[in-house]
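Novice: Give the three-dimensional model of this entry:
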Amino acid sequence: MSTVNAFTPRGQTYLVSTSDVQIKTQDNVNAISYRVRNLLTTTAYFGWKPADPTGAAVSVGTVTTPTAGSPSSNVIGMFPESVEVFTLPPNVWLKADTANAFEIIAGTGI
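Specialist: Coordinates of the predicted model:
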């Protein structure tokens with residue numbers, strides 16, 4: 001009998017803050033989904049960049065909140081204390097605009 005889950009975790013849960021962090025699985029299977037939880041009582045944003053093919057560290061850079069007429073590349077905003085699942089590149093690098101803002105786990109599913 002098989003089990004079908006809406007989201008299947010494939011690694012550890014990472015705290016994403018204002019430093020670059022790479023989100024990896026523990027079973028050598030590339031993640032296709034990331035469950036993201038905004039830990040804050042305010043809207044928070046995270047920036048992302050794909051992993052370097054050589055395995056080198058990646059710098060996400062400054063996470064800038066988009067404004068009217070000034071979009072931000074690879075930046076996603078989340079409502080306070082919300083949980084979402086996003087499809088991002090395997091072994092993605094993330095960085096938050098605020099300290100200790102997100103809890104993220106790699107996996108599969110929606």
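Novice: can you pull out the strands in this structure?
Specialist: Listed in chain order, the strands of the chain (DSSP state E) span residues 7-16, 21-22, 33-38, 44-49, 75-78, 83-86, 93-96, 102-109.
Novice: For the fourth one, list the C-alpha coordinates in PDB.
Specialist: To tie it back to what came earlier, the one meant is strand 44-49. Extracted as PDB, the C-alpha positions of strand 44-49 are listed here (Å, rounded to 0.1, in the frame of the first residue of the first chain):
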ATOM      1  CA  ALA A  44       8.400  39.200   5.400                       C
ATOM      2  CA  TYR A  45      10.200  38.700   2.200                       C
ATOM      3  CA  PHE A  46      12.800  36.200   1.100                       C
ATOM      4  CA  GLY A  47      15.100  36.200  -1.900                       C
ATOM      5  CA  TRP A  48      16.400  33.100  -3.700                       C
ATOM      6  CA  LYS A  49      19.000  32.100  -6.200                       C
END
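Novice: Pairing partners for it, with directions?
Specialist: Counting by DSSP bridges, the strands paired with strand 44-49 are strand 75-78 (antiparallel), strand 93-96 (antiparallel).
Novice: in the chain, which segments are predicted with low confidence?
Specialist: For the chain, residues meeting the criterion pLDDT under 70 lie at 1-4.
Novice: switch to 80 and redo it
Specialist: 1-5 (pLDDT under 80).
Novice: coming back round to it: so which of the strands paired with strand 44-49 is the most surrounded?
Specialist: With neighbours taken as mean count of other C-beta atoms under 10 Å, the strands paired with strand 44-49 reach their highest mean count in strand 93-96, at a mean of 24. For glycine as for every other residue, the C-beta is placed from the backbone atoms N, C-alpha and C.
Novice: what's the closest of the strands of the chain to Val63?
Specialist: In this view, these are compared for proximity to Val63 by C-beta to C-beta, and strand 44-49 is the closest at 4.0 Å.
Novice: ok, residues contacting the closest one?
Specialist: 16, 36, 38, 58-65, 72, 74-78, 80, 88-89, 92-98, 101-102 (C-beta atoms under 8 Å, 6 or more residues apart in numbering).
Novice: Repeat the analysis, applying 6 Å as the threshold.
Specialist: Here strand 44-49 makes contact (C-beta atoms under 6 Å, 6 or more residues apart in numbering) with 38, 58, 60, 63, 65, 74-78, 88, 92-98, 101-102.
Novice: Alright, I will stop here.
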